[in-house]
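Asks: with the sequence up front, the predicted model follows.
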Amino acid sequence: MCLLCERYSGGYERWYLNPANYARRLYKIRKGEAEELGAEANPQLAGGMGILGKEFLEAEERGDIETVKRLAQEAEASALGVHFGQVITLDEALKILDIMYPIALMSCACRRSMYGTPDHENFFCIGMGPGMYKWERWPDTYRGGVQYLTPDEAKEVVAKMDKKGLVHTVYTFGTPYLGGLCHCDYPDCAGLRMRLEHGVNIFWKGHCVARVDPELCNGCGQCVVRCQFKALNFSPTRNRAFIDQSQCFGCGLCATECPQDAITLVEKANLPALASAW
Amino acid sequence: MLATITVKDEKCNNPLSCRKCLLVCPMGVLGLGTNVGTRKFKETEPEHFIVRGVRIDKCTGCMECVEICPGNAIQVSF
């Protein structure tokens, strides 16, 4: 079972479908302690450039497996407590938009860091919950401001992101508090890059994997460009899509695009070898 | 082999709006950050943005960032 579901699902099917995880207190009670500037408020600090630096890359380069392992474990533990992501499906994203409020579009810290994307072109992330009422405290995190959305408007935005080929990912800001519904791709998402390029897991797989029905697949190949995880290949021999389920993150982007409805998502819980692969 | 990428901040003028190097790099090696921490109620001014070689393991040494930089601020060596 997913560790987060074990700890935080509160009886709901998934931990991110538990409304309590969107309902962090609007104001914290602080008794004399300095207000944290921290990672909870600032995705750039928490998940972006800073999490693993030159020391890690140098250790990888010289084949120092112990150091690589130690630094990766430290980064994973720290991210898991503060700011990490998990892939969800379009259907789940739409459900989430019905259980929490407020909802607002905000600019993406990863794309700003990767390309300096101007704010007005950079509204890829959806901020969720009471934290959005405090955005003016952290103008750097919310560069370009926020655009509040009704649940229906947000569902339209999320459907458009799906059409565009972006992966729906929930992000914590002080786990288990969920504050972000991000729309990620490779190589633009810092978390996804760390995962795919270095195997550092600050970007968790979802609860399902995609399965191609070989009878229904007609080999059109439209799904292939939708995969951001290097899991989907096209087999010229069989004229069929091939999905490496051990590499699949279960985002469902291939399934939502398939004109034949040949791709379905299956629960990992029913697949012993994948059930605990996050 | 890991690249050594140095950016002379005094020659790198407002990378937030220039961003030529960030867009030209075929491997997305460079990153944009700031040289000040996140401050409450204060947006970071353009002059505090900096470019650094972040994913240096992906740098192939093509030198396209070096060539495109209008301020000659970037050096790449191996």
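Replies: Received it, and whenever you're ready, just let me know what you need.
Asks: ok, A:L3 touching A:W278?
Replies: Yes - in this structure, A:L3 is within contact of A:W278 by Cβ atoms under 8 Å, at 7.2 Å. Heads up, the C-betas are built off the backbone N, CA and C, glycines and all.
Asks: compare those two (neighbour count), which wins?
Replies: A count of neighbours by other Cβ atoms under 10 Å in any protein chain shown puts A:W278 above the other of A:L3 and A:W278, at 17 against 12.
Asks: how about that one, what does it touch?
Replies: By Cβ atoms under 8 Å, 6 or more residues apart in numbering or on different chains, A:W278 lies in contact with A:C2, A:L3, A:Q86, A:N201, A:W204, A:K205.
Asks: same thing but 10 Å
Replies: Neighbour list for A:W278: A:2-4, A:86-87, A:201, A:203-207, A:249, A:268 [criterion: Cβ atoms under 10 Å, 6 or more residues apart in numbering or on different chains].
Asks: kindly report the same for A:Y148.
Replies: Contact partners of A:Y148, counting by Cβ under 10 Å, 6+ apart, are A:Y101, A:P102, A:I103, A:A104, A:L105, A:G127, A:M132, A:Y133, A:W135, A:A154.
Asks: which one of those residues is nearest A:K164?
Replies: A:L105 (14.2 Å; Cβ to Cβ).
Asks: and the closest residue to chain A within chain B, how many neighbours?
Replies: Nearest to chain A, among the residues of chain B, is B:R19, at 3.5 Å (Cβ to the nearest Cβ). The tally of other residues near B:R19 (other Cβ under 10 Å) stands at 20.
Asks: which element, helix or strand, includes the residue lying closest to A:W135 once chain neighbours are set aside?
Replies: Nearest in space to A:W135, with sequence neighbours left out and distances taken as Cβ to Cβ, 6 or more residues apart in numbering or on different chains, is A:Y142 at 4.3 Å. When elements are assigned from DSSP states H and E, A:Y142 belongs to no helix and no strand.
Asks: and stretch A:246-265, which residues are buried?
Replies: For stretch A:246-265, the neighbour count (16 or more other Cβ atoms under 10 Å in any protein chain shown) marks A:247-258, A:262-263, A:265 as buried.
Asks: which ones among the residues you listed also lie next to chain B?
Replies: By Cβ under 10 Å from any Cβ of the partner chain, no member of the buried residues of stretch A:246-265 lies near chain B.
Asks: relative to B:G33, which of these is nearest.
Replies: Closest approach between these and B:G33, by Cβ to Cβ: A:F249, at 27.3 Å.
Asks: pick out the residue of the stretch 151-278 of chain A closest to chain B.
Replies: Of all residues in the stretch 151-278 of chain A, the one sitting closest to chain B is A:P187 (5.0 Å; Cβ to the nearest Cβ).
Asks: pLDDT score for that residue?
Replies: For A:P187, the pLDDT comes out at 95.
Asks: ok, A:P130 to A:Y177 distance?
Replies: Distance of A:P130 to A:Y177, given as Cβ to Cβ, to the nearest Å: 10 Å.
Asks: how far out from the middle of the chain is stretch A:175-194?
Replies: 4 Å (Cα atoms, centre = their mean, to the nearest Å).
Asks: sorry, slip of the keys, the one I care about is stretch A:74-92.
Replies: Relative to the centre of its chain, stretch A:74-92 is centred 6 Å away, using Cα atoms, centre = their mean.
Asks: avg pLDDT for that stretch?
Replies: What stretch A:74-92 shows for mean pLDDT is 94.
Asks: how about that stretch as CSV, C-alpha atoms only?
Replies: What follows is stretch A:74-92, C-alpha atoms only, in CSV (Å, rounded to 0.1, in the frame of the first residue of the first chain):
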residue,chain,number,x,y,z
GLU,A,74,18.5,12.4,2.8
ALA,A,75,16.8,14.4,0.0
GLU,A,76,14.0,11.9,-0.2
ALA,A,77,13.3,11.9,3.5
SER,A,78,13.4,15.7,3.6
ALA,A,79,11.1,16.1,0.5
LEU,A,80,8.7,13.5,1.9
GLY,A,81,8.2,15.6,5.0
VAL,A,82,7.9,18.9,3.3
HIS,A,83,7.4,19.1,-0.4
PHE,A,84,7.0,16.2,-2.7
GLY,A,85,4.7,15.2,-5.5
GLN,A,86,2.6,12.2,-6.5
VAL,A,87,1.1,11.5,-10.0
ILE,A,88,-2.7,11.3,-10.1
THR,A,89,-5.1,10.7,-13.0
LEU,A,90,-7.4,13.3,-14.7
ASP,A,91,-10.4,11.7,-13.0
GLU,A,92,-8.8,12.1,-9.6
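Asks: please consider this matter closed, and thank you.
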